[in-house]
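With the sequence up front, the predicted model follows.
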Amino acid sequence: MIELRHLGPGDVDWLVERHAQDYARDEGFDASFGRLVREILEAFEADHDPARERAFIAWEDGQRLGSVFCVADGAPDTAKLRLFLLVPEARGKGLGKRLLAACTGFARDVGYRRMVLWTHESHRAACALYAATGWELVRSEATVSFGIPVVEQSWELDLSPCQ
């Protein structure tokens, strides 16, 4: 059975390693990506508000399978989705949907009215999941990041209660 846990011992190093390894292999990202992931995680550990920010780490049989984070994004009503990751062997089993639902559900439950995220067009499965769950693509821009040409995307989700 897959369990969703908060950030615990060893998770930061695992997340940095998996992000760096998977994105270097799959996308060709350079080492600056792993450094960015570490900075994000260290800031989260040092300064997150547990009442409004949360990590979701998926575990099964003693193995980590993925993650997603809900963090504040400056404005009191806006959350940011970060560090959405599934290891390759966990893909195609509905875990991405479950992680995304847990993250957006948490954001809604603690009072955020909007959620944003930043990703790359090449993450086709994740982008398809965002589109299928009500996220709106609000910006798409070609640039160079992590040592390669990419198309960065910004997405938003309205978390307001249905009228």
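Alright, I've got the coordinates.

Quick one: residues contacting the residue nearest the centre of the chain.
Centroid check for the chain by CA atoms, centre = their mean gives residue 84 as the closest residue, at 2.6 Å. Contacts for residue 84 were tallied using CB atoms under 8 Å, 6 or more residues apart in numbering; they are 66-68, 96, 99-100, 103, 117, 119, 126. C-beta coordinates here come from the backbone N, C-alpha and C atoms, glycine included.

at 7 Å what do you get?
Taking CB atoms under 7 Å, 6 or more residues apart in numbering, we find residue 84 in contact with 68, 99, 126.

so how far is residue 62 from it?
Using CB to CB, to the nearest Å, one gets 22 Å for the distance from residue 84 to residue 62.

quick revisit: filter the contacts of residue 84 down to just the ones in strands.
residue 68 (DSSP state E).

which residue packs closest to residue 113, ignoring adjacent ones?
Computed as CB to CB, 6 or more residues apart in numbering, the closest residue to residue 113 that is not its neighbour in sequence is residue 77, at 4.3 Å.

The one you found - how many residues pack around it?
13 (other CB atoms under 10 Å).

buried residues in stretch 148-157?
150, 153, 155-157 (16 or more other CB atoms under 10 Å).

wait, stretch 41-60
For stretch 41-60, by 16+ other CB under 10 Å, it's 41, 44, 48, 52-59.

would you list every one of the strands in this protein?
Going by DSSP E, the chain shows strands at 3-5, 54-60, 63-73, 75-86, 114-120, 136-145, 148-158.

want to try JSON lines for those strands, with distance to residue 27 and mean pLDDT as columns?
Output for the strands of the chain, formatted as JSON lines (distance: least, CB to CB, whole Å; pLDDT from 0 to 100):
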{"stretch": "strand 3-5", "distance to residue 27": "26", "mean pLDDT": "97"}
{"stretch": "strand 54-60", "distance to residue 27": "21", "mean pLDDT": "97"}
{"stretch": "strand 63-73", "distance to residue 27": "17", "mean pLDDT": "97"}
{"stretch": "strand 75-86", "distance to residue 27": "13", "mean pLDDT": "95"}
{"stretch": "strand 114-120", "distance to residue 27": "7", "mean pLDDT": "96"}
{"stretch": "strand 136-145", "distance to residue 27": "10", "mean pLDDT": "94"}
{"stretch": "strand 148-158", "distance to residue 27": "7", "mean pLDDT": "95"}
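
All set now, cheers.
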